[in-house]
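J.: no sequence for this one, just the structure:
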Ligand code: ASP
């Protein structure tokens, strides 16, 4: 049994392992770990208290994949419900669909009995307002909803140095089944309705018991274009080791052309429970906990540089 997670999953990884130790499935473990991150008011890139879009609205993306069956569920650009990972799981288990977005996802969450909640905290609102007011004249900031040229301001969101983040969890249970989950409030100050890789199976999340699983953090548009999480699993299917597969998928991002390229981080697990993390910049770690460990440990991510290109 093992759980691996992005660094901000520390608040949930022990609970996730506990679920496995109690006989829970990998899907149960991933959901349990991520829920604690989604509820954490100090985590501004996931769930409740996430940073909002350009209009000041918190929009969540999340997905979950069962590596035994390849069943998947996701929600995107969803407002008002903090436990996006649980709603994604319900999409996977109840509906004949994989993905629900915006009002449809919110409607489904209400049908399933999830509690509606204002996700924007005072603290997150203040950071958003301060940032926008730096560059925007007051007459625009005061009438954001009526703007017909909001697209010009999305450049604020497009700055690769801006705060961003996602939580990634991968678990392998006592039966050897693997599941992968991802949840985020996405790029800060994004254009309303923007979907990131976290909601897209194959981009930010992929799991297949036979080979392994991978989950991404970073510039979602790149992971979507490179089908990055699926690529790693596919490279393992083609016979590459976990480390080679991860490097290859990161290197693929260097082949992307165009104007908006920045950072990527990945965690990955193979079918034997071997794990690795990858990052396009130095100094980043991920966490892991096996069934015989009482606390998680931290491991360095392998650095695979990706050229930043930004206009
Ligand atoms: N991958 C997320 C997204 O693009 C954000 C992040 O991880 O920084 O929405």
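T.: Noted; the coordinates are in hand. What you see is a predicted model, and the numbers here were worked out from it, not measured in a lab.
J.: quick one, helices of the stretch 51-200 of the chain?
T.: With helices called from DSSP state H, counting those that start in this stretch, the stretch 51-200 of the chain shows them at 84-94, 102-111, 122-135, 138-141, 155-158.
J.: The ligand is nearest to which of those?
T.: helix 155-158 (10.3 Å; C-beta to the nearest ligand atom). For the C-beta atoms, the positions are set from N, CA and C on the backbone; glycine is no exception.
J.: Show me which residues of the stretch 151-300 of the chain are close to the ligand?
T.: Residues of the stretch 151-300 of the chain found near the ligand (C-beta under 6 Å from any ligand atom) are 164-166, 184, 186-187, 196-198, 204, 217-220.
J.: ok, residue 276 - contacts?
T.: Residue 276 makes contact with 242-243, 246, 267-268, 301-302 under the criterion C-beta atoms under 8 Å, 6 or more residues apart in numbering.
J.: same thing but 6 Å
T.: For residue 276, the contacting residues are 242-243, 246, 268, by C-beta atoms under 6 Å, 6 or more residues apart in numbering.
J.: quick one: strands adjacent to the helix or strand harbouring it?
T.: Assigned by DSSP states H and E, residue 276 belongs to strand 275-279. Sheet partners assigned to strand 275-279 using DSSP bridges are listed as strand 264-270 (antiparallel), strand 302-303 (parallel).
J.: from these, which stretch is densest packed?
T.: Among the strands paired with strand 275-279, ranked by average contacts under mean count of other C-beta atoms under 10 Å, first place goes to strand 264-270 (a mean of 27).
J.: and for it, what are the contacting residues?
T.: Counting by C-beta under 6 Å, 6+ apart, residues outside strand 264-270 touching it are 4, 168, 170, 212-218, 222, 232, 242, 246, 253, 275-280, 286, 306.
J.: can you check stretch 116-133 too?
T.: For stretch 116-133, contacts defined as C-beta under 6 Å, 6+ apart pick out 44, 48-49, 51-52, 56, 58, 80, 82, 141.
J.: and what of stretch 35-46?
T.: With contact meaning C-beta under 6 Å, 6+ apart, stretch 35-46 is reached by 8-9, 11-12, 15, 47-49, 51, 82-83, 124, 165, 167, 183-185.
J.: So residue 120 versus residue 196, what's the distance?
T.: Using C-beta to C-beta, to the nearest Å, we find residue 120 at a distance of 18 Å from residue 196.
J.: now residue 61
T.: Computed as C-beta to C-beta, the residue 61 to residue 196 distance reads 5 Å.
J.: Nothing else from me, thank you.
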